[in-house]
Structure formats: C-alpha cells, structure tokens
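> I'd like to go over a predicted model; first the sequence, then the structure.
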Amino acid sequence: MIVTVTPNAALDVTYTVDGLVPDAVHRARDVRHRAGGKGVNVARVLHALGVDVHAIATAGGATGSALAADLGAAGLAAELVPIGGETRRTTTVLSAVDGSVTLFNEPGPAVTAMEWALLAERVRRRDPEVLVCSGSLPPGAPADGYARLIEGRKSVLDTSGPALLAGLAGRPAVVKPNAAELREVTGLDDPGRAARELMRAGAGAVVVSLGADGLLAVTPAGTWRATPSGALSGNTTGAGDAVVAALALGLSRLEPWPEILRRAVALSGAAVLGPLAGDVDLAHYHRELAAVRVRPEQES
C-alpha cells in the first residue's frame, strides 16, 4: 500500500473567470470545491490508476467537515486526524482568456504536539510500502516532522524551504522539488549541481520539475531528462502531484528510472488537462506514455 500524508490539508476552491484583471470586479463562470492539499491530490491520481492508496490528513472545523465529505464522495480511503483549528482553504483562479493560473494559499491552522503525535501514530500503524510526504508543514509542527515520519521507510518527499532541508535527515528515497524550490534551498542555478547537493545532504535521488520542459532526474544509477511530446495548456496546479504519484508507484514496483520518468511526464500532462488538481485525463496519459522522450544526460 502507498500512504500519502498531508499535514496541512485544504479545501480547494477553484474559480474560472473570463480574464483576471487587477482592480476589477470578476464574475466567475464556474466555482468548484474539493478536498485538497498535495498529498490528497497524489492519492486521487493513484486512485484513478487503480492503485491501493490510503490518504492521511488533518481536518478541523466546518471546512474540515466539507473536506471529509468530499473524500467520502470520491471513494478515497482516508484517515483524518482531528485538529482544533479550522482547515484552510486554497483559492485557484483560472483565466479562460489566456490560460493563466493564479493561486492564493492560506497558511493553515496551527497543530498541537498531541495532534502531530496522533498523525505520526496513524502513519506508523499503516506501515506503508511507500510513504509520500507532501506539502507545507502547518504552524506548530516540528521542524523535522517529515524526517521523523520518513526515517526507515521508502519514501517520496515533496515540500520546500526549511521543511525540505530538515526532511533530508530522514533520507527520503526521492525528493521532488521544482526548479525554483531547488534554487531556493541550494542557492545554485544549475539544477543538476543543485540536485547533487541534496543527494549529499541525504536524498536518495532528486527529480526536478522543469514545467513545460519536463523532468530532470539525478539518481545513483544515472541522470536522465524526460520531456513531453508537445506543449499543453490547462490547469497546472496538480501537475507536480501527478509526478509524485508516478514516483511513488515506480518505487513500489521497483521499476527502472526511465520507465518511472516516462509515466511521470505522461501523468503530469494528463493532470494539466484535468479540470481540477488531482484529476487526470487517462486517455491522454495512455497515449503519451509511448511518446515521452527519456534520454541520459551527462553530469555537469
């Protein structure tokens, strides 16, 4: 079983507007609400692929109840750790005129030491084959919270900033930053060199999201670049979570890196074509699997 952990879960609210204009009143074409947070999105993608997955997340207040109801309606196996604070909301604004995506992420409620201990116990009880730790740490969580959850487990870590650096102490099997997050924690512009810095600090392998340019994977077995067959337009908010889903699935199946990366790029594109984060266009995914280009790359 793959288990995803989302300690700072959210109710995602997505507005579609004709165009986003500063200092103007906007009338939404469409408004959608759904349970979110990066780990929840990963679980949705794996569930869509028919993979045995279990989501662990926090939930509190009326927003947390809405989050729980949506997970139940989606048929996702989940355990929600009750917290005293109100679950945060994230807001995504999609512009129909130019395809731009604007996000507003609330920081989320603080968790207590007891609430964090309960979340950690839920993870220990599940004893996952692969553990996915995704998203920001909420206020009040231990700085090395991800490292403690990950230690001794086959895992994928997808976070940023201090939480990413502290999480390396748990020696995650794979870390998945995007280029900006990687630059932020290493100070290096070259993603290959920056990825090797993270490996020296404890990451087993590093897969860097390069947006429309695909993925760069730096691993003990070699370095690869994986690129999609063509450009896509759509909602990019769940693309990175789809990559994480592919990485976790590949780890669970002990697949070779080129195969993992091919699936990751295909799923990422399928997520861009999905209407909401966590959705994937399965027809595109299956077509794109054979079209993704994966090539070895020399270390710089």
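Sure thing, it's come through.

> against Tyr146, how distant is Pro82?
According to C-beta to C-beta, to the nearest Å, Pro82 and Tyr146 sit 21 Å apart. Just so you know, the C-beta spots here come from the backbone N, C-alpha and C atoms, and that holds for glycine as well.

> who has more neighbours, these two?
Taking neighbours as other C-beta atoms under 10 Å, Pro82 and Tyr146 compare with Tyr146 leading, 29 against 12.

> mind checking how far the more buried one is from Thr102?
Computed as C-beta to C-beta, the Tyr146 to Thr102 distance reads 28 Å.

> and the helices in the stretch 51-200 of the chain, which stretches?
Under the criterion DSSP state H, counting those that start in this stretch, helices of the stretch 51-200 of the chain are mapped to 61-74, 113-126, 145-150, 161-167, 179-186, 191-200.

> of those helices, flag the one that's most buried.
helix 145-150 (a mean of 23; mean count of other C-beta atoms under 10 Å).

> mind listing residues that contact that one?
Identification of contacts with helix 145-150 by C-beta atoms under 8 Å, 6 or more residues apart in numbering yields 5, 7, 116, 120, 123, 131, 133, 137, 142, 155, 157, 159, 163, 166-172.

> is there a quick PyMOL command that grabs whichever of those are buried?
Here is the PyMOL selection string for the buried members of the contacts of helix 145-150, based on 16 or more other C-beta atoms under 10 Å:
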select buried, resi 5+7+116+120+123+131+133+137+155+157+159+163+166+167+168+170+171+172
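
> what helices and strands are in contact with the lowest-mean-pLDDT helix or strand in the chain?
When each helix and strand of the chain is scored by mean pLDDT, DSSP states H and E, strand 101-105 comes last, with a mean of 88. The helices and strands touching strand 101-105, judged by 3 or more C-beta pairs under 8 Å, 6 or more residues apart in numbering; DSSP states H and E, are strand 88-95.

> pull out the buried positions in the strand it packs on.
Buried residues in strand 88-95, counting neighbours by 16+ other C-beta under 10 Å, are found at Arg88, Arg89, Thr90, Thr92, Val93, Leu94, Ser95.

> now the spatially most central residue of the chain: which helix or strand?
Per C-alpha atoms, centre = their mean, the C-alpha nearest to the average position across the chain is that of Asp241, at 3.2 Å. Counting by DSSP states H and E, the element that carries Asp241 is helix 239-253.

> what residues does that helix touch?
Under C-beta under 8 Å, 6+ apart, the answer for helix 239-253 is 2, 4, 38, 41-42, 45-46, 49, 51, 129-130, 132, 134, 154, 156, 158, 173-174, 176, 178, 207, 209, 215, 257, 259-260, 263-272, 277-278, 280.
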